[in-house]
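**Student:** Only the shape, not the letters, is given here:
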Ligand SMILES: C[C@H](O)[C@H](O)[C@H]1CNC2=NC(N)=NC(=O)C2=N1
């Protein structure tokens, strides 16, 4: 697994940035903050993402308090953003569609 090429960053990353993901300062990673109606919705989101992550063998770095979930994605094996991060970020946005 290698990090995204310059071209891939334009074609694959840009749509995620347009959808609310942000580049993390001083790190080749992306982050998105989700706000749900309550903890139940937030944890349901985390459950769906966790099952997908384990199936992909590609796991998020995340923080949850009550109805908020902050997801950070990067690929440790290549120390940067890879296509796996794009896949998981896209899944997060589908699984997190109830977020405000
Ligand atoms: C041994 C296991 O396959 C690896 O450690 C996997 C697990 N999950 C992972 N998750 C992420 N985000 N990056 C990785 O490089 C990674 N590697």
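**Tutor:** Now that the structure is in, tell me what you want to look at. Keep in mind that this is a model prediction, so the values were computed, not measured. Residues are numbered from 1 along each chain as shown.
**Student:** could you pull out the strands for this structure?
**Tutor:** Applying DSSP state E to the chain gives strands spanning 22-23, 30-35, 61-65, 68-73.
**Student:** can you list the ones you listed in JSON lines and add mean neighbour count, mean pLDDT and distance to residue 16?
**Tutor:** Where C-beta positions appear, they are placed from N, C-alpha and C, glycine not excepted. Formatted as JSON lines, those follow (neighbours: other C-beta atoms under 10 Å; pLDDT from 0 to 100; distance: least, C-beta to C-beta, whole Å):
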{"stretch": "strand 22-23", "mean neighbour count": "14", "mean pLDDT": "98", "distance to residue 16": "9"}
{"stretch": "strand 30-35", "mean neighbour count": "19", "mean pLDDT": "98", "distance to residue 16": "6"}
{"stretch": "strand 61-65", "mean neighbour count": "14", "mean pLDDT": "98", "distance to residue 16": "16"}
{"stretch": "strand 68-73", "mean neighbour count": "20", "mean pLDDT": "98", "distance to residue 16": "9"}
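**Student:** Now distance to residue 46 too, for those, in a markdown table please.
**Tutor:** Compiled in a markdown table, the strands of the chain are given as follows (distance: least, C-beta to C-beta, whole Å):
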| stretch | distance to residue 46 |
| --- | --- |
| strand 22-23 | 20 |
| strand 30-35 | 10 |
| strand 61-65 | 6 |
| strand 68-73 | 6 |
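**Student:** where does this protein come near the ligand, residue by residue?
**Tutor:** Within the chain, the positions lying close to the ligand (C-beta under 6 Å from any ligand atom) are 57-59, 75-77.
**Student:** filter those residues to the buried ones?
**Tutor:** The neighbour count (16 or more other C-beta atoms under 10 Å) marks 58, 75 as buried among those.
**Student:** Return the residues in contact with the most centrally placed residue in the chain.
**Tutor:** The centre of the chain sits closest to residue 89, judged by C-alpha atoms, centre = their mean, with a distance of 3.7 Å. Neighbour list for residue 89: 16, 21, 30, 32, 71, 73 [criterion: C-beta atoms under 8 Å, 6 or more residues apart in numbering].
**Student:** correct me, but residue 95 touches residue 49?
**Tutor:** Yes: Residue 95 is in contact with residue 49 according to C-beta atoms under 8 Å; the separation is 5.5 Å.
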